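Q: give me coordinates for this.
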Amino acid sequence: MKAVFRFLAVPFLLVVLGLALTGCGGGGDSYPVWFSGTPDSPTNVSVVSGDGKAIVSWNPVAGAKSYNIYYSTTPDAKATSGKIENATSPYTVTGLTNGLTYYFSVTAVNEYGESGGSAEESVVPSPIPAAPTGINVTAADGQIAVSWTAVEGATAYNIYYATSSGVTKTTGIKVAGAVSPRTITGLTNGTTYYVVVTAANDAGESAESSEGFATPTAAVSPPGIPTGVTATAGNQKVTIGWQAVSGATSYNIYYATNPSVSKTTGTKIAGVVSPHTLTGLSNGVTYYFVVTAVNDSGESAESSVKYATPTVILPTKPTDLTLTPGDTSITLDWTAVDGATTYNIYYATSSPVTKSSTKISVASTSYTVTGLTNGVTYYFAVSAVNSAGESALSDQEDMAPGVPARPKGSSAYAGNGQAVVYCQPVTYATSYNIYYSETAGVTPSSYTWKITGASNPQVVSLTNGKTYYFVITAVNAAGEGTQYSAETSATPSATQPQSPPSPAGVSVLAGSGSVTVTWYTCYAATSYNIYYLASSSANTATVIATGTKINVAAATFGVDTTQSYTVTGLAGSTDYRFVVTAQNAGGESAGQNSPKPVTTLP
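A: Residues are numbered from 1 along each chain as shown. Below you'll find the predicted structure:
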C-alpha cells in the first residue's frame, strides 16, 4: 500500500505544483506546466517502392527518442508484422518480394513508452523496367518527333539525344519526363540526331533502347508539275503513270470525260502513287486525266492532259501455278489475271497438257481437283477467260496426289531443358513427325530420336548444354511426306537465353520510293531488325554491316502469322537488298542466306 501511494503521490504533487506555479505571481505573469508521457504517433508517413525494397519516411515527433517500423503483407501491420527498431527517416527496408503488397506503420518511442501506430501505408515493390522498344524517330523543320512502345511497370520515360551515333545516358542531352510521342524543337536542319529512350520507375532507370536517328530539314516550296504522264487502257480501267517530282510527298489525279479536265472540273483521287489504276470505268468511253504533285506547302498546277479508252482485251496467261497434294486430290493456286472473268483448268496423266485434255471451268484462282489416284503423276495447266476469248495455257506443272509436301520455315528455339520446334503449316497435313539427334545431318532414315504425331509447334524435352539437330516431315491420311524440312538446331540452357530463330518466308514488294517487307513471326522474338542497302549485289553480311537498320516491335507469334513493315523515303527506280533478323534478350538471330532483292518503282 505504501508503494502504491508513492506511485500516485508523485504525479499528483507534480500536478499540484504546476497549478500552484501557474496561479502564482501578479501582473498577469504565468509559468509553464511541466508534464511527461509517450510521444504522439508519427504523421505524413510515405512509402516509395524500389526493386525488392521500400523507402519509408515520416515527420519528426516532438519528444521522440527513436522510431520503430512495423510491416507485413497483410493489413494492420503493427499487429502482425516484422519490426525494425531504432529506425531513422528515411529508412530503406530491403529483402522484399517484387509484386507483393506490403503494409507499413511507424511508431515513436521515448523513455515513457511507445506511441500508437501511424496511419498505415501500402506499397508494391517492383523491378527497374525493361528498355523501351519500337523506337521511331521522324524529322521535320528544325525538330524531330520520338515515339516508342509503352513499357510495363514504367512510370516515366527519358530521352537522350546527340549529334553522333552511340548516344548513351552519360553522353546524350536528357529530356526528362517525356511522353510518347515527344517533339524536340530548336534543332539544326541538315544535322543528324541520334536518339535513345529509357524507362523509369521508383526502382530506377532502365538501360538505353536501341538507337534511332533522323535529320531535320527546312520546309520546302510547293512541288513542280508532274511530267512523263501516261494513260494505258484496260478492261473497265485505265492505269496512270508519271515521273517522280522532287519534294513531292503525294500526288492527286483528276479525271473526266471532257478534254478540258482540271482541278476544278475533274473527279479527284487524292494521295496516290505512280502507277495508279482507276477501275470501274465504262468500256468504250474516252477518259481524260491530269496529275498534280503535293507536299506540306501545297499542290502544283496540273500536268498535260492524257486520255485513254477502256476496252475488253484478251487476258494474258496465268502465272505462278502451284500444286499442293492431298489424299486423292491436288489443289491448284495461281495469280489472278487482269480482266479475266473465269479460268479453265486442263489436266492429264501424260505430258504435254493441251486444251483437248480434261477441262474444268472455275471462277476463282484456287481449286481442288478430287477423285485422283494416289501415286499417279498428273499434269496441269490453266488458262484465263473473258468476253474477248481464252488466253494461252500457263506453264505446265505436275504432281502425284497423296502425302503432303515438304515443311518450310523449320525453326527451333531453346529454353530450359527443352526446345520449341515448329514450321510453317503444310496444306493437308494432319500431324507432323520430328526427327532429331545430337549429330548434324539428321534425316528420317538417320536419327536418334523420333516424335510421331507431333503438334505444330511442339515442345521437346532435352538436356541442357547439348546441341540438338531437328528435321520435320508432314503427315496426312495418305501417309508421311517423303520430303523433310531443312535442318535446324537448338542448345537448351538453364541460364543463357537463346536468340530467336532467323525469320522465314521473307518477301519484298516494291512501291514508289518505298518497299513493303513481309516475314513469318518467330517464336520468342521481342522485336525485328530490317536492314536495307542500295545495291544490286551486296550479300547478307554486307547489308547488315553497312545498311540502314530499322527496329520493329514484334507481333504475337503464330506458325502461320506474318508481319509486315513498309520502309519509306527510298529513291525511286533503285535496286535495294533487304535482310530481316529477330531479336530478344538472348541476342539477335542470323539473317537470311541471301538478301531479298527489289527495285523501287519510279
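Q: next, count neighbours for Tyr422.
A: Here the count is done by other CB atoms under 10 Å, and Tyr422 has 29 residues near it. All C-beta spots, glycine's among them, are computed from the backbone N, C-alpha and C.
Q: would you confirm that it contacts Val460?
A: No - applying CB atoms under 8 Å, one finds Tyr422 not in contact with Val460, separated by 10.6 Å.
Q: which non-adjacent residue is nearest Thr540?
A: Gly591 (4.6 Å; CB to CB, 6 or more residues apart in numbering).
Q: from memory the one you found sits against Arg577, does it?
A: No - look at Gly591 against Arg577 with CB under 8 Å: they stay out of range, at 10.6 Å.
Q: find residues that contact each of those two.
A: Val543 (CB atoms under 8 Å, 6 or more residues apart in numbering).
Q: am I right that Ile544 is in a helix?
A: Yes - judged by DSSP: H, G, I helix; E, B strand; the rest coil, Ile544 forms part of a helix.
Q: OK, contacts around it?
A: With CB under 8 Å, 6+ apart, Ile544 has these contacts: Tyr531, Val579, Thr581, Gly591.
Q: considering those residues, which possesses the most neighbours?
A: Val579 (29 neighbours).
Q: quick check: that one is in a strand.
A: Yes - assessed with three-state DSSP, Val579 lies in a strand.
Q: give me the nearest residue to it, chain neighbours excluded.
A: For Val579, the closest residue by CB to CB, 6+ apart turns out to be Gly591, at 3.9 Å.
Q: tell me the contacts of the one you found?
A: Ser502, Tyr531, Thr540, Val543, Ile544, Val579, Val580, Thr581.
Q: repeat the analysis, applying 7 Å as the threshold.
A: Ser502, Thr540, Ile544, Val579, Val580, Thr581 (CB atoms under 7 Å, 6 or more residues apart in numbering).
Q: over to Thr452?
A: Taking CB under 7 Å, 6+ apart as the test, what Thr452 contacts is Asn433.
Q: could you check the pLDDT of it?
A: Here, the pLDDT recorded for Thr452 equals 96.
Q: which phi and psi does Ala541 have?
A: phi -60, psi -40 (degrees, to the nearest 10).
Q: with adjacent residues omitted, what lies nearest to Leu332?
A: Tyr367 (5.4 Å).
Q: which secondary structure element is home to that neighbour?
A: For Tyr367, the enclosing helix or strand under DSSP states H and E is strand 366-370.
Q: hmm, back to that, name the nearest of the contacts of Ile544 relative to Val195.
A: Closest approach to Val195 among these (CB to CB): Tyr531, at 19.0 Å.
Q: how about that closest one, what does it touch?
A: Val543, Ile544, Gly547, Lys549, Val579.
Q: closest one of the residues you listed to Val93?
A: Lys549 (43.8 Å).
Q: that closest one: neighbouring residues, count only.
A: 16.
Q: got the contact list for the one helix or strand it maps to?
A: According to DSSP H and E, Lys549 maps onto strand 548-553. If you take CB under 7 Å, 6+ apart as the criterion, strand 548-553 is touched by 133-135, 149, 210, 527-532, 565, 567.
Q: go again using 8 Å as the cut-off
A: Residues from elsewhere that reach strand 548-553 (CB under 8 Å, 6+ apart): 133-135, 149, 210, 212, 526-533, 563, 565, 567, 583.
Q: restrict the helix or strand following that strand to CA atoms and write it as CSV.
A: Stepping forward along the backbone from strand 548-553, the first helix or strand reached (DSSP H and E) is strand 562-567. C-alpha atoms of strand 562-567 as CSV (Å, rounded to 0.1, in the frame of the first residue of the first chain):
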residue,chain,number,x,y,z
THR,A,562,3.1,-12.9,-90.9
GLN,A,563,4.3,-9.4,-90.0
SER,A,564,4.8,-6.5,-92.5
TYR,A,565,6.5,-3.1,-92.4
THR,A,566,6.7,-0.5,-95.1
VAL,A,567,10.1,1.3,-95.5
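Q: which of the contacts of Ile544 sits closest to Thr319?
A: Val579 (26.9 Å).
Q: and the closest one, what pLDDT?
A: So Val579 comes in at 98 (pLDDT).
Q: tell me the contacts of it?
A: Val506, Ile530, Tyr531, Tyr532, Thr540, Val543, Ile544, Gly547, Gly591, Gln592, Pro595, Lys596 are the contacts of Val579 under CB under 8 Å, 6+ apart.
Q: which among the residues you listed end up buried?
A: Val506, Ile530, Tyr531, Tyr532, Thr540, Val543, Ile544, Gly547, Gly591, Gln592, Pro595, Lys596 (16 or more other CB atoms under 10 Å).
Q: state the pair within these that is farthest apart.
A: Val506 and Gly547 (14.4 Å).
Q: now this protein, which segments are flagged as low pLDDT?
A: Applying pLDDT under 70 to the chain picks out residues 1-36, 77, 79-80, 220.
Q: go again with 80.
A: 1-36, 77-81, 219-220, 326-327, 375, 427-428, 477-478 (pLDDT under 80).
Q: tell me the contacts of Met597?
A: Careful, residue 597 is Pro; it's not Met. Val508, Ser536, Asp575, Tyr576, Arg577.
Q: ugh, wrong one, I meant Tyr91
A: Ile55, Val56, Ser57, Ile69, Ile84.
Q: take those residues and keep only those in strands.
A: The strands, defined by DSSP state E, take in Ile55, Val56, Ser57, Ile69, Ile84 from these.
Q: out of these, who has the most neighbours?
A: Ranking the ones in strands among the contacts of Tyr91 using other CB under 10 Å puts Ile69 first, with 27 neighbours.
Q: that one and Lys83 touch, don't they?
A: Yes - Ile69 lies in contact with Lys83 (CB under 8 Å); the separation is 7.2 Å.
Q: might one say that Ala145 is in contact with Val179?
A: No - with contact defined as CB under 8 Å, Ala145 does not count as touching Val179 (11.8 Å).
Q: quick one, helices of the stretch 451-600 of the chain?
A: With DSSP state H, counting those that start in this stretch, the ranges of helices along the stretch 451-600 of the chain come out as 540-546.
Q: tell me the secondary structure at Thr264.
A: Criterion first, three-state DSSP; result for Thr264: coil.
Q: could you give the number of residues near it?
A: 8.
Q: how far away is it from Thr292?
A: Going from Thr264 to Thr292 by CB to CB, to the nearest Å gives 12 Å.
Q: go on, Thr430?
A: From Thr430 to Thr292 the distance is 56 Å (CB to CB).
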